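Asks: Please work out how this folds:
(2 chains)
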Amino acid sequence: MNTTWSRFNIASLVLGFAFLYLPIVLLVIYSFNESRLVTVWAGFSTKWYVSLFHNQSFIDAAWVTIRVALVSASVATVLGTLGALAISRYTRFRGRLLFSAMIYAPLVMPEVITGLSMLLLFVAIGFDRGLWTMILAHITFSMCFVAVVVQSRLVSFDRSLEEAAMDLGATPVTTFFRVTLPVILPAVVSGWMLAFTLSLDDLVISSFTSGPGATTLPMRIYSQVRLGVTPEINAACTILIAIVTIGVIIASIANKRREVQRARDEQTAARN
Amino acid sequence: MHKLISSVASRLVIAVPYLWLLIFFLIPFVIVFKISLSEVAMAIPPYTPAFNLLSGWEGLRQSFAQFSWDNYIWLVEDPLYYKAYLSSLFIAAVSTILTLIVGYPIAYGMARAPATIRPTLLMLVILPFWTSFLIRVYAWIGILKPEGLLNQFLLWANVIDTPLNILNTNTAVFIGIVYSYLPFLVLPIYSALEKMDYSLVEAAEDLGCPPISAFWKITFPLSLPGVIAGCFLVFIPAVGEFVIPDLLGGSQTLMIGKTLWNEFFSNRDWPVSSAVAVVLLLLLVVPIVLFQRAEARVQESEK
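Replies: This is a model prediction of the structure:
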């Protein structure tokens, strides 16, 4: 195995990760640039962050974004987990093929199509566009991502645990909450996080489905970018990157701690 | 009583997400198709005949009678549209191949790395995927601009004398797609390569097979399910991409996602943008079905 970790492999990893990370690093560095010109370095400064926090339209947009992301991620997690259960636990029901197609298709569906079709639905049923239409749209596309994440955990799940619980007289509902859910919880949590970031980032579907007064941060950033690159946008992007990075790091630390705990529990159990 | 609750519960597990997707995913497509057959009007909503479920059977029949295929004829007659479709397919195909060339060595390097650092490498590939798509595309504007960081660097290193013009060309679109979709391709290939039994390659090499032909005869075919899944995950969304051609591409970059967006937001022509969406969907039906089959096959093999 050691012989295969060759120079070629190391080189391709170093180049690959440089390609993935350099643009983001440069973006963050230039958010601290003194000069108005994004590409000319003129000294360290945090003035763009200060001006960002005095920009009311950015702050309003940030609030809208967070509210949409919190509500849609939570609902999408419930629906996506149900969808994952339906697809992996019930191998036969009428319309299963259509159901699995509807779970997988949104993963690759071009966003312009999803956005347009949702918007036309809301218009057809006479639903005023705004915060709530955006939330409904976000739930719909992110629940499919949750379903795929949770389902991949359910596939490797030892079903004899569930069967044992039911043999001992637990109802399927109890079995789910006492046996299944604790085991798949890490997948459900990462599904929630994925749904949250997808909602946080979305531009195209939000632009189609939102109405006057409901502008999200990506929509605000996009309309600014079209006018030109400014350090203020770099600062806004840096804040978003920081939030996501901190969230991912906390989640992975919590995950590792849980694994260590579990290993320790198993050891004590083995000793007894 | 317990039995009743259980059977209701197990039905709800299926019915709730099913109904949600029917209402918010499938029915909208029916409406898109219906509106693509109507005509643009100066009204709210800006198309005729408006959809009205309360008008009863007679009303429905009347609106059916008013359906027209004009929008589709328009798509065929105006070269802008079929050029945009063809160029979207072309750009997506080239970008997919480029992503594969960039991504395969990364996935291979990860799979061959010592097992202890693999989880860290995996996280490093996933992490950029968590940062906003828009931000990652935006980051490239500052790099590719004529007075941007790439040109500054190349001028400083004396590689070029005059700044390269990359931003607002198709090259920039290719770079943007490869960069944004790279994790989608690396992850499935990595998971295929990681599961692979490496002793097969060792056996071949022991029997005198040169490493390169061992790679093409053993490793690559075994990673093929991952390659296929990854390529679809890049190709299908890239065909309808809007943000990348809009921010990095130039005026001559034709992509159908951009056409649809402009038709909808600038021209406010809902029926034509619906027709554009229907044709795009028809173009993508074949790759989407192939992708789902590949996914199903991978899942079957895991069971």
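
Asks: And the residue of chain A that's closest to chain B?
Replies: Proximity of chain A to chain B (C-beta to the nearest C-beta) peaks at A:Pro110, 2.2 Å away. C-beta here means a position set from N, CA and C on the backbone, and glycine is covered the same way.

Asks: Neighbours of that residue, how many?
Replies: Close neighbours of A:Pro110, defined as other C-beta atoms under 10 Å in any protein chain shown, add up to 24.

Asks: which residues does it contact?
Replies: By C-beta atoms under 8 Å, 6 or more residues apart in numbering or on different chains, the contact list for A:Pro110 reads B:236-237, B:239-242, B:257, B:280, B:284.

Asks: Among those, which lie within helices?
Replies: Members of the contacts of A:Pro110 lying in helices (criterion: DSSP state H): B:236-237, B:239, B:257, B:280, B:284.

Asks: quick check, B:Asn262 in a helix?
Replies: Yes - B:Asn262: assigned to a helix according to DSSP: H, G, I helix; E, B strand; the rest coil.

Asks: B:Val234 is in contact with B:Ser95, isn't it?
Replies: Yes - between B:Val234 and B:Ser95 there is a contact under C-beta atoms under 8 Å: 6.9 Å.

Asks: intersection of neighbour lists for these two?
Replies: B:177, B:181.

Asks: circling back: name the nearest of the ones in helices among the contacts of A:Pro110 relative to B:Val173.
Replies: Comparing the ones in helices among the contacts of A:Pro110 against B:Val173 with C-beta to C-beta places B:Gly257 closest, at 11.3 Å.

Asks: Give the rounded mean pLDDT of the strand or helix carrying A:Leu13.
Replies: Per DSSP states H and E: A:Leu13 is located in helix A:7-30. Regarding helix A:7-30, the rounded mean pLDDT is 89.

Asks: What residues of the helix or strand following it count as buried?
Replies: Tracing the chain past helix A:7-30, the next element assigned as helix or strand by DSSP H and E is helix A:47-53. Residues of helix A:47-53 classed as buried by neighbour count (16 or more other C-beta atoms under 10 Å in any protein chain shown): A:48-49, A:52.

Asks: same deal with stretch A:141-160?
Replies: Within stretch A:141-160, the residues scored as buried using 16+ other C-beta under 10 Å are A:141-151, A:153-154, A:157.

Asks: circling back: the contacts of A:Pro110: which ones sit near chain A?
Replies: B:236-237, B:239-242, B:257, B:280, B:284 (C-beta under 8 Å from any C-beta of the partner chain).

Asks: in the stretch 151-272 of chain A, which segments are predicted with low confidence?
Replies: For the stretch 151-272 of chain A, the stretches with pLDDT under 70 are A:272.

Asks: who in it is up against chain B?
Replies: When proximity is defined as C-beta under 8 Å from any C-beta, the stretch 151-272 of chain A approaches chain B at A:155-156, A:171-173, A:197, A:200-201, A:203-204, A:207-208, A:218, A:221-222, A:225-226, A:229, A:233-234, A:237, A:240-241, A:244-245, A:248, A:252.

Asks: which of those are buried?
Replies: A:172, A:197, A:200-201, A:203-204, A:207-208, A:218, A:221-222, A:225, A:229, A:233-234, A:237, A:240-241, A:244, A:248.

Asks: helix/strand/coil for the residue minimising distance to the centre of chain A?
Replies: Centroid check for chain A by C-alpha atoms, centre = their mean gives A:Leu194 as the closest residue, at 2.1 Å. Of the three states, A:Leu194 takes helix according to three-state DSSP.

Asks: And what about the closest residue to it other than its chain neighbours, helix, strand or coil?
Replies: Nearest residue to A:Leu194 in three dimensions, chain neighbours excluded: A:Phe145, at 5.3 Å (C-beta to C-beta, 6 or more residues apart in numbering or on different chains). Taken by three-state DSSP, the conformation at A:Phe145 corresponds to helix.

Asks: if I pick A:Phe145, what's in contact with it?
Replies: A:76, A:80, A:107, A:191, A:194-195, A:198.

Asks: Out of these, which is nearest to A:Arg178?
Replies: Nearest member of the contacts of A:Phe145 to A:Arg178, counting by C-beta to C-beta, is A:Gly191, at 20.3 Å.

Asks: Is the closest one within a helix or a strand, and which one?
Replies: helix A:181-201.

Asks: Any idea how far that helix is from the middle of the chain?
Replies: Taking C-alpha atoms, centre = their mean, to the nearest Å, one finds the center of helix A:181-201 at 7 Å from the center of the full chain.

Asks: Alpha carbons of it, in PDB - could you do that?
Replies: This file holds the C-alpha atoms of helix A:181-201, laid out as PDB (Å, rounded to 0.1, in the frame of the first residue of the first chain):
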ATOM      1  CA  LEU A 181     -33.700   7.500  15.000                       C
ATOM      2  CA  PRO A 182     -30.900   7.400  17.500                       C
ATOM      3  CA  VAL A 183     -28.800   5.400  15.000                       C
ATOM      4  CA  ILE A 184     -29.500   7.500  12.000                       C
ATOM      5  CA  LEU A 185     -29.300  10.800  13.900                       C
ATOM      6  CA  PRO A 186     -25.800  11.800  12.600                       C
ATOM      7  CA  ALA A 187     -27.200  11.500   9.000                       C
ATOM      8  CA  VAL A 188     -30.300  13.400   9.900                       C
ATOM      9  CA  VAL A 189     -28.200  16.200  11.400                       C
ATOM     10  CA  SER A 190     -25.900  16.400   8.400                       C
ATOM     11  CA  GLY A 191     -29.000  16.400   6.200                       C
ATOM     12  CA  TRP A 192     -30.300  19.400   8.100                       C
ATOM     13  CA  MET A 193     -27.000  21.200   7.700                       C
ATOM     14  CA  LEU A 194     -26.900  20.400   4.000                       C
ATOM     15  CA  ALA A 195     -30.500  21.700   3.600                       C
ATOM     16  CA  PHE A 196     -29.600  24.800   5.600                       C
ATOM     17  CA  THR A 197     -26.500  25.700   3.500                       C
ATOM     18  CA  LEU A 198     -28.400  24.900   0.200                       C
ATOM     19  CA  SER A 199     -31.100  27.300   1.300                       C
ATOM     20  CA  LEU A 200     -28.500  29.900   2.400                       C
ATOM     21  CA  ASP A 201     -26.700  29.700  -0.900                       C
END
